[in-house]
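Asker: Task: produce atomic coordinates for the following.
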Amino acid sequence: MALGRISAIKAMEERVSVRNFTDQPIEQDVLNEIEMEIKDTESPFPGHAMIHLIKRSDFKGEVSFGSYGFVSGGEYFLVGTCGKNKEDDLTLGYIMEKVVIYCTSLGLSSVWLGGSFRKKDFENLILIPEGQDIRVVIPIGYEGGQKTMMAKFIETVNSRRDKRKEFEELFFEESFDKPMDKNEAGSFAEALRMVRIAPSAMNKQPWRVIVSSDAVDFYLSENGDFSWIDMGIALSHFEMALTEDHVFGSFTKKENKEDHKFTYITSFDKFIEEGEKI
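Answerer: As a prediction, the model looks like this:
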């Protein structure tokens, strides 16, 4: 029987990074739902990535998240593995954020961790495909318990970065010469709003987007260590919001989309229904 859930858009709006979890186990029917979501989640991009769900009781010793403790409590972890190409990072970000938002819709909290964990703590607990490596770990569970001093410090620092870039800084109409008015985004408006609130490393929001009436082109403004994962997260938000709004289409990498300032990633082409105005 399906569990009670909030919508994907509401889950994207409510999701925040949580670093303190209770020891309350996740109910088995909820775990079953998450496992099914992991199994069913696919990427429209060609990269290779996998998600593994493990629990703390599987560890022989205590799992470590940095010398000073970035996370307290928590019994379950999503471990993301992928290849070493940028497209692998893109795919990993896309599929993991879909599962994270699904977990959020079920009432669970989470936090993305890209480097504050010991890979060896997890390597013996999952079957890592050849050519892949552990890239990210996401603790999931119920928020509560005492925050570590490091977690409090990180939240203080992040609160200063939490302000999102203005809509006009991220989205453009037809070309990068014309910033987009959010009131002119048409059927893409809600999806672009979800892209704007997507999480990213250091809250850099490294995506830039050109919007036309029936297509959207995505670019990266930088090529940092986690930029392609961030882009995958943003594309996941975009697609989930469109699906919920019953707007459908497909991602395609096109020719002649290069830009001297930004790195072209992919385009979304909207399916035009018969009789619809373009």
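Asker: any idea which helix or strand comes after the worst-scoring helix or strand of the chain on mean pLDDT?
Answerer: Sorting the helices and strands of the chain by mean pLDDT, DSSP states H and E puts helix 149-161 at the bottom, at a mean of 52. Using DSSP states H and E, the next helix or strand after helix 149-161 towards the C-terminus is helix 167-170.
Asker: Show me where the stretch 51-200 of the chain has its helices.
Answerer: If DSSP state H, counting those that start in this stretch is used as the criterion, the helices of the stretch 51-200 of the chain fall at 86-105, 119-123, 149-161, 167-170, 189-196.
Asker: quick one: the strands in the stretch 151-278 of the chain?
Answerer: Applying DSSP state E, counting those that start in this stretch to the stretch 151-278 of the chain gives strands spanning 171-173, 207-211, 215-220, 249-252, 263-270.
Asker: Tell me where the model's unsure across the stretch 1-150 of the chain.
Answerer: Residue ranges of the stretch 1-150 of the chain with pLDDT under 70: 1-4, 61-62, 64-69, 145-150.
Asker: what do you get if the cut-off is 90, keeping everything else the same?
Answerer: 1-5, 19-20, 23-24, 56-75, 114-125, 144-150 (pLDDT under 90).
Asker: Hmm, Leu220 is touching Lys204, no?
Answerer: No - using C-beta atoms under 8 Å, Leu220 is not in contact with Lys204, being 10.4 Å away. Placement of C-beta: from N, CA and C, glycine included.
Asker: picking that back up, do you know which of the helices of the stretch 51-200 of the chain lies nearest Ile229?
Answerer: Across those, Ile229 has its closest neighbour in helix 86-105 (3.8 Å, C-beta to C-beta).
Asker: Find residues that contact each of Leu220 and Lys204.
Answerer: The contact sets of Leu220 and Lys204 overlap at Ser227 (C-beta atoms under 8 Å, 6 or more residues apart in numbering).
Asker: Looking at these two, which is more packed in?
Answerer: Legend: neighbour count by other C-beta atoms under 10 Å for Leu220 and Lys204, higher for Leu220 (20 against 15).
Asker: re the thing from before, now the strands of the stretch 151-278 of the chain as TSV including distance to Val71 and mean pLDDT?
Answerer: Listed next are the strands of the stretch 151-278 of the chain as TSV, based on distance: least, C-beta to C-beta, whole Å; pLDDT from 0 to 100:
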stretch	distance to Val71	mean pLDDT
strand 171-173	34	97
strand 207-211	27	98
strand 215-220	28	97
strand 249-252	33	96
strand 263-270	31	97
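Asker: which of those sits most buried?
Answerer: Greatest average neighbour count among the strands of the stretch 151-278 of the chain goes to strand 207-211 (a mean of 23), per mean count of other C-beta atoms under 10 Å.
Asker: Sheet partners, orientation included, of that one?
Answerer: Counting by DSSP bridges, the strands paired with strand 207-211 are strand 171-173 (parallel), strand 215-220 (antiparallel).
Asker: outside of the last one, which residues touch it?
Answerer: By C-beta under 8 Å, 6+ apart, the residues outside strand 215-220 that reach it are 188, 206-211, 227-228, 231, 234-235, 238, 254, 257, 259, 262-270.
Asker: by how many degrees do it and helix 189-196 diverge?
Answerer: 10 degrees (axes from the mean of the first three to the mean of the last three C-alpha atoms, to 10 degrees).
Asker: can you dump the C-alpha coordinates of strand 215-220 into PDB?
Answerer: Extracted in PDB, the C-alpha atoms of strand 215-220 (Å, rounded to 0.1, in the frame of the first residue of the first chain):
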ATOM      1  CA  ALA A 215      12.900  24.700 -25.200                       C
ATOM      2  CA  VAL A 216      15.400  25.300 -22.400                       C
ATOM      3  CA  ASP A 217      19.200  25.200 -22.700                       C
ATOM      4  CA  PHE A 218      21.300  24.500 -19.600                       C
ATOM      5  CA  TYR A 219      24.900  25.800 -19.000                       C
ATOM      6  CA  LEU A 220      27.500  25.600 -16.200                       C
END
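Asker: For stretch 230-240, what is the distance to the chain centroid?
Answerer: On the basis of C-alpha atoms, centre = their mean, to the nearest Å, stretch 230-240 sits 6 Å off its chain's mean C-alpha point.
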